[in-house]
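*Asks:* 3D, please:
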Amino acid sequence: MVFLLGTPKKTTLRMDRKIKLIWDFRGPDAGETARHHEHHLKEYSQREMGGVEITGHSDYSDSHSIAYLVVEEKVMPPVRDALIPHRGEIYDK
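*Replies:* Sure thing, here's the model as predicted:
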């Protein structure tokens, strides 16, 4: 059993599920910062996981953007601990 991103409830890892690890950026430079952070997530993915993971960024407003990395749930705990995302959610695409 493992705790998913600090939730108080224990959950069993599922092999077929993917987790979207998310970093939030706020302020006038949020979009630029999220794009830059995505670049580093791609580098990490290439270096540590063979580049098979999904990365991206999204702008929610002029002052809120995110960068994200999607990983298989079975490898999420060490990636989460190494990169310390702000939050995470189940990836359903």
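*Asks:* tell me where this structure has strands.
*Replies:* 2-3, 10-11, 18-26, 54-61, 64-72, 87-91 (DSSP state E).
*Asks:* for residue 47, see how far away the most centrally placed residue in the chain is.
*Replies:* Centre of the chain computed as the mean C-alpha position; nearest residue by Cα atoms, centre = their mean is residue 21, 2.0 Å away. When distance is defined by Cβ to Cβ, to the nearest Å, residue 21 is 16 Å away from residue 47. No exception for glycine: its C-beta is placed from N, CA and C like everyone else's.
*Asks:* what of residue 92?
*Replies:* 27 Å.
*Asks:* mind showing which ranges of the protein have poor pLDDT?
*Replies:* 1-15 (pLDDT under 70).
*Asks:* residues contacting the residue lying farthest from the centre of it?
*Replies:* Largest separation from the mean C-alpha position in the chain: residue 28, at 21.9 Å (Cα atoms, centre = their mean). For residue 28, the contacting residues are 62-63, by Cβ atoms under 8 Å, 6 or more residues apart in numbering.
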